[in-house]
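Engineer: Quick one: sequence and predicted model below, then my questions.
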Amino acid sequence: MSGGAVAEAVTSPPGLGVLLGLVPGKPIGIGAAVWAGTRMRLGRLPDEFTPRAVLGVAMLGGVGFTIGLFITELALVGEGNITAATIAVLMGSAIAGLLGGAILRSR
């Protein structure tokens with residue numbers, strides 16, 4: 001991974017879309033689903049499970065590079081787009097994992 005490839009991954013539309021989907025998108029979606037499920041009384045969280053814990057676990061949901069890499073190969077055309085999205089999947093998964101781990105550790 002060269003510096004140019006990383007820069008392209010964070011500035012190209014496919015790469016930026018992947019990063020935004022994995023890092024803020026997954027936690028927002030998972031957190032919203034947990035919130036909605038508990039509000040509709042479909043289930044309840046254990047007493048010791050704080051909103052911070054929900055955020056940390058939801059952030060770990062962004063570590064999903066296997067499907068991300070598979071979809072990248074199926075959905076995108078052009079070597080540059082595929083490369084940018086692949087690098088973004090790896091970067092987004094690493095960022096989400098590190099942030100999730102840090103949130104849970106600080107709990």
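Structural biologist: In hand now; what should we look at? Keep in mind that this is a model prediction, so the values were computed, not measured.
Engineer: need the longest helix for this structure.
Structural biologist: When secondary structure is assigned using DSSP state H, the longest helix within the chain turns out to be helix 79-106.
Engineer: what ranges do the helices span in the chain?
Structural biologist: Chain-ordered helices for the chain, with DSSP H as the definition, fall at 3-11, 13-20, 26-39, 51-60, 65-75, 79-106.
Engineer: any chance of those in a markdown table, with mean pLDDT too?
Structural biologist: Output for those, formatted as a markdown table (pLDDT from 0 to 100):
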| stretch | mean pLDDT |
| --- | --- |
| helix 3-11 | 86 |
| helix 13-20 | 93 |
| helix 26-39 | 96 |
| helix 51-60 | 95 |
| helix 65-75 | 85 |
| helix 79-106 | 94 |
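Engineer: I'd like those helices as TSV, with distance to residue 45 and mean neighbour count appended.
Structural biologist: C-beta here means a position set from N, CA and C on the backbone, and glycine is covered the same way. Listed next are the helices of the chain as TSV, based on distance: least, Cβ to Cβ, whole Å; neighbours: other Cβ atoms under 10 Å:
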stretch	distance to residue 45	mean neighbour count
helix 3-11	35	14
helix 13-20	27	19
helix 26-39	6	14
helix 51-60	7	18
helix 65-75	26	13
helix 79-106	15	18
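Engineer: just to revisit the earlier point, and the longest helix of the chain, what does it pack onto?
Structural biologist: Applying 3 or more Cβ pairs under 8 Å, 6 or more residues apart in numbering; DSSP states H and E, one finds that helix 79-106 makes contact with helix 3-11, helix 13-20, helix 51-60, helix 65-75.
Engineer: Turn the ones you listed into TSV, including distance to residue 96.
Structural biologist: Below are those laid out as TSV (distance: least, Cβ to Cβ, whole Å):
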stretch	distance to residue 96
helix 3-11	15
helix 13-20	10
helix 51-60	6
helix 65-75	10
